[in-house]
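Engineer: below is the structure, and that's it, no one-letter string:
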């Protein structure tokens, strides 16, 4: 999801999306630690989306 789509969402939708992305990041960290997945870029992308959501929430 890009930043333009995120800016169109309401604050409640952004908070819901933030909670989902944080859960996803936690699951990816566990899987990486256990060696189940090797793709570190997936975690990087989720962390970037979390940062974008937080930036939008803090700006409003």
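Structural biologist: Received it, and whenever you're ready, just let me know what you need. Here the structure is a predicted model, which is why all the values come from computation and not from measurement.
Engineer: nearest residue to residue 57 in space, please, no chain neighbours.
Structural biologist: Of all residues not flanking residue 57 in the chain, residue 14 sits nearest, at 5.7 Å (Cβ to Cβ, 6 or more residues apart in numbering). Any C-beta I mention is one placed from the backbone N, CA and C, and that applies to glycine too.
Engineer: residue contacts, the one you found?
Structural biologist: 6, 53, 56-57 (Cβ atoms under 8 Å, 6 or more residues apart in numbering).
Engineer: beyond the host helix or strand of it, next helix or strand please.
Structural biologist: Element membership for residue 14 (DSSP states H and E) is helix 11-34. Going down the chain from helix 11-34, the next helix or strand is helix 40-59, by DSSP H and E.
Engineer: chain center to that following helix, what's the gap?
Structural biologist: Put simply, helix 40-59 sits 5 Å off its chain's centre (Cα atoms, centre = their mean, to the nearest Å).
Engineer: so, low pLDDT: which residues of this structure?
Structural biologist: Applying pLDDT under 70 to the chain flags no residue at all.
Engineer: now with 80?
Structural biologist: Residue ranges of the chain with pLDDT under 80: 1.
Engineer: now stretch 33-44: buried residues?
Structural biologist: Across stretch 33-44, burial judged by 16 or more other Cβ atoms under 10 Å covers residue 43.
Engineer: gap between the two ends of that stretch?
Structural biologist: This stretch, stretch 33-44, spans 15 Å end to end (Cα to Cα, to the nearest Å).
Engineer: sorry, back to before: now the contacts of residue 14 in a markdown table, with distance to residue 23 and neighbour count?
Structural biologist: Listed next are those as a markdown table, based on distance: Cβ to Cβ, whole Å; neighbours: other Cβ atoms under 10 Å:
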| residue | distance to residue 23 | neighbour count |
| --- | --- | --- |
| 6 | 18 | 17 |
| 53 | 13 | 23 |
| 56 | 19 | 16 |
| 57 | 17 | 13 |
